[in-house]
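1. Please find the sequence and the predicted model below.
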Amino acid sequence: MNPIDPRLFLRSLFNSAVNAASAAQCLPAYLPVPPSQGRTIVIGAGKAAAEMAHVLEQHWQGKLSGLVVTRYGHGASCQHIEVVEAAHPVPDQAGKEAAVRILDMVHGLTQDDLVLCLISGGGSALLTLPAEGITLEQKQAINKALLKSGATINEMNCVRKHLSAIKGGRLGLACAPARVVTLLISDVPGDDAAVIASGPTLPDTSTCEQAWAVLQKYAIPVAPAIELHLRSGAGETPKPCDVRFAANSHQIITCAQIALEAAAATARSQGITPYILSANVEGEARDVGLMHAAIARQVAIYGQPFSKPCVLLSGGETTVTVRGNGRGGRNAEFLLSLALGLQGCAEVYALAADTDGIDGSEDNAGALLGPDSLAQAESLGISAQKLLANNDGYGFFSALGDLIVTGPTRTNVNDFRAIFIG
């Protein structure tokens, strides 16, 4: 057997994971039967929404029309479904206008009609419509603060649902009495469909009280109108007991576990034993990096709990509490912490990247790490400790030429991490 090139090997695993999570691979099998009498209206939001719409058009038997909103640069060519691009992760006016148009589009439907809703991660910011009495500027400020706070995706989306006129099931109710089928690409740990893109068509079990508690927990300042909206209960979301959801259905068509299993299969095909640690890793990226480093060192030095050569795989969504002013998303921060934890441990290479092609809000998907990365940085006068303190993982890996730049992948099952121990 030819020797493994660790960097090419890790890139092949990432490519396999992204391909397995693509709409082309996953969506066709879950398409419902077209209605016999009524119309089919397609709506949706997320970084994968345009690609999902494109694949839907290729496989749908019958007429359809609609509108989906995706991130700038993530569009796809559609003939019958309009694609609108808007801002992510902080919402903008284009996303608000698209949300208004989608609500107008589903108004006045009948029980003979079908609404096919295509949802993926990123939809919370892209499908933005503030509740009455709340401005777009106020929601933008809340979003920015939450993104820097270290809040989990569940916590952020709990707040977003209760400040929205379209999320947290409200879009689903607007479609009634039409039947709504929601197809989702999951980017959230645990794959709770009601959390993905803040569940615009699904009933919600969270409460205004919980949303207010999140803002208090992270000491996020809010306008008086937002405090009143939450503390009075005016922002409460529709619940599962609402009979208007009874005829609706949803299906998660792909998720982090599917991506990790595809990467594992690719590893086996190259003679390397894979171990999936978890598809649902959460926590501070730098803490997760140290834990992964401890496991990798145990394998590299003692052959425990796994024998070499092997690759450790994990997914999920870590968080970053921003304290500095450097560049870099979760995956760069994870890798920089991993590097400090490994301290140049021989024969350990790692890749961490976001499956949507965007690490946070940067132009890279992630980066690669080798056993000589710290030494290379030191030779350039770069302190990994200082850059980590400044949340500047991007700067570290850019200096080494080890950023991974893919451009938009048009899917999103969140973080992908692979550590090869040779």
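-> In hand now; what should we look at?
2. show me where the chain has strands.
-> 40-45, 65-71, 81-86, 114-120, 179-185, 249-254, 273-281, 310-316, 348-354, 366-369, 403-404, 415-421 (DSSP state E).
3. how about the helices in the stretch 51-200 of the chain?
-> With DSSP state H, counting those that start in this stretch, the ranges of helices along the stretch 51-200 of the chain come out as 93-106, 123-126, 136-149, 153-162, 170-175.
4. could those go into TSV alongside mean pLDDT and distance to V348?
-> Heads up, the C-betas are built off the backbone N, CA and C, glycines and all. As requested, those are exported to TSV (pLDDT from 0 to 100; distance: least, C-beta to C-beta, whole Å):
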stretch	mean pLDDT	distance to V348
helix 93-106	98	42
helix 123-126	96	36
helix 136-149	94	31
helix 153-162	96	29
helix 170-175	98	46
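5. just the ones you listed: most buried one?
-> Neighbour counts (mean count of other C-beta atoms under 10 Å) averaged over each of the helices of the stretch 51-200 of the chain peak at helix 123-126, with a mean of 31.
6. Could you list the residues in contact with it?
-> Under the criterion C-beta atoms under 8 Å, 6 or more residues apart in numbering, residues 44-47, 49, 69-71, 86-91, 95, 98, 143, 156-157, 160, 167, 196-198, 200 lie in contact with helix 123-126.
7. and what of stretch 98-112?
-> By C-beta under 8 Å, 6+ apart, the list of residues contacting stretch 98-112 from outside reads 35, 37-39, 41, 43, 45, 66-67, 69, 84, 86, 115, 126-129, 165-166, 171, 174-179, 247.
8. Can you get me the start-to-end distance on it?
-> Counting by C-alpha to C-alpha, to the nearest Å, you get 25 Å between the two ends of stretch 98-112.
9. where does the chain have low pLDDT?
-> Scanning the chain for pLDDT under 70 picks out 1-2.
10. domains of it?
-> Using automatic domain parsing, the domain parsing of the chain gives 6-17+257-421, 22-129+164-203+238-254.
11. of these, which approaches I220 most closely?
-> Closest approach to I220 among the domains of the chain (C-beta to C-beta): domain 6-17+257-421, 12.6 Å.
12. Just the terminal-to-terminal distance for the closest one.
-> First-to-last residue span, domain 6-17+257-421, C-alpha to C-alpha: 9 Å.
13. ok, now which ones touch the spatially closest residue to K161 that is not a sequence neighbour?
-> Excluding its sequence neighbours, the residue lying closest to K161 (C-beta to C-beta, 6 or more residues apart in numbering) is G168, at 3.2 Å. G168 is in contact with R160, K161, H162, S198, G199, P200, D204, S206, T237, P238, counting by C-beta under 8 Å, 6+ apart.
14. What is the most widely separated pair among the residues you listed?
-> Across the contacts of G168 (C-beta to C-beta), the longest gap, 15.2 Å, separates R160 and P238.
15. Show me the beta-bridge partners of V181.
-> L116, S249 (DSSP bridges).
16. what bridges to the closest residue to L369 other than its chain neighbours?
-> The shortest distance from L369 to any non-neighbouring residue, by C-beta to C-beta, 6+ apart, is to A350 (4.3 Å). Beta bridges link A350 to L369, I419 when assigned by DSSP bridges.
17. L27 and E57 touch, don't they?
-> No. The criterion here is C-beta atoms under 8 Å, and L27 misses it with E57 at 10.9 Å.
18. So which of these two has more stuff around it?
-> L27 (23 against 16; other C-beta atoms under 10 Å).
19. phi, psi of the more buried one?
-> Reported as degrees, to the nearest 10, the phi and psi values for L27 are phi -80, psi -40.
20. Identify the spatial nearest neighbour of it, chain neighbours not counted.
-> Nearest to L27 is V55, by C-beta to C-beta, 6+ apart, at 4.9 Å.
21. For burial, what's the neighbour tally of the nearest residue to A377 once chain neighbours are set aside?
-> Nearest-residue entry for A377: A384, 5.8 Å, with adjacent residues in sequence omitted and distances by C-beta to C-beta, 6+ apart. Other residues lying near A384 total 18 when counted by other C-beta under 10 Å.
22. Next, the contact list for H54, please.
-> So H54 contacts A23, A76, S77, C78 (C-beta under 8 Å, 6+ apart).
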